[in-house]
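In: Task: produce atomic coordinates for the following.
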Amino acid sequence: MIKNFTPLLFIIIIFAGCDKGPEIPEDTLVKVYTDIIIAQDTTADTTKNIFQINEEVFRRYNITSEQYRKSIDYLNEDPLRWESFFDKAIRYAEDLKRNAEKNGWTFLLLRQFSITGNLLPFLFFP
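Out: You can find the predicted model right below:
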């Protein structure tokens, strides 16, 4: 019986140690990460702390802080992942700005909260 169980245990151990990737799909993680950076750097509402700002962004993308942390931990395992990730984050931010300008709107970063207390993701004014 133990001889039959040994190969199965070996397979389980191998798969448990495999790199499963980030908890959040990378394209979503890029948006979440960028939105958090923008929100933290540009929010004028001093009554909200960083934790509250982050939670607002997490709710917007329907993720948890634990999923976010595990995804960041995954990136931390290999510096080359960060390099690629930052390239995508920069492109995402540039696309946001370019789309706003293309529509003739001024691009304003997250500078205030809505009446309900939720973050206004981005404000564009004609």
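
In: Quick check: buried residues in the helix or strand hosting residue 54?
Out: Counting by DSSP states H and E, the element that carries residue 54 is helix 50-61. For helix 50-61, the neighbour count (16 or more other Cβ atoms under 10 Å) marks 53, 54, 56, 57, 58 as buried. From N, CA and C alone the C-beta is placed, and that goes for glycine too.

In: So which of the residues you listed is the closest to residue 99?
Out: residue 57 (19.3 Å; Cβ to Cβ).

In: can I assume that closest one is in contact with residue 35?
Out: Yes. Using Cβ atoms under 8 Å, residue 57 makes contact with residue 35 at a distance of 4.9 Å.

In: List just the nearest of the buried residues of helix 50-61 to residue 76.
Out: Nearest to residue 76 among those is residue 54, at 17.4 Å by Cβ to Cβ.

In: Please report the distance of the closest one from residue 38.
Out: Distance of residue 54 to residue 38, computed by Cβ to Cβ, to the nearest Å: 12 Å.

In: What segments of the protein are strands?
Out: 106-108, 123-125 (DSSP state E).

In: which regions of this structure lie under the pLDDT threshold?
Out: For the chain, the stretches with pLDDT under 70 are 1-20, 44-47, 100, 105-126.

In: The same query, at a cut-off of 80, please.
Out: 1-22, 38, 41-48, 96-97, 99-101, 103-126 (pLDDT under 80).

In: re earlier: and the helix holding residue 54, what does it pack onto?
Out: Under the contact criterion of 3 or more Cβ pairs under 8 Å, 6 or more residues apart in numbering; DSSP states H and E, helix 50-61 touches helix 26-42, helix 65-76.

In: Which of the ones you listed sits closest to residue 93?
Out: Closest among those, once you apply Cβ to Cβ, is helix 26-42, at 5.4 Å.

In: circling back to that earlier point, report the angle between the helix holding residue 54 and helix 26-42.
Out: Helix 50-61 and helix 26-42 are oriented at 140 degrees to each other (axes from the mean of the first three to the mean of the last three Cα atoms, to 10 degrees).
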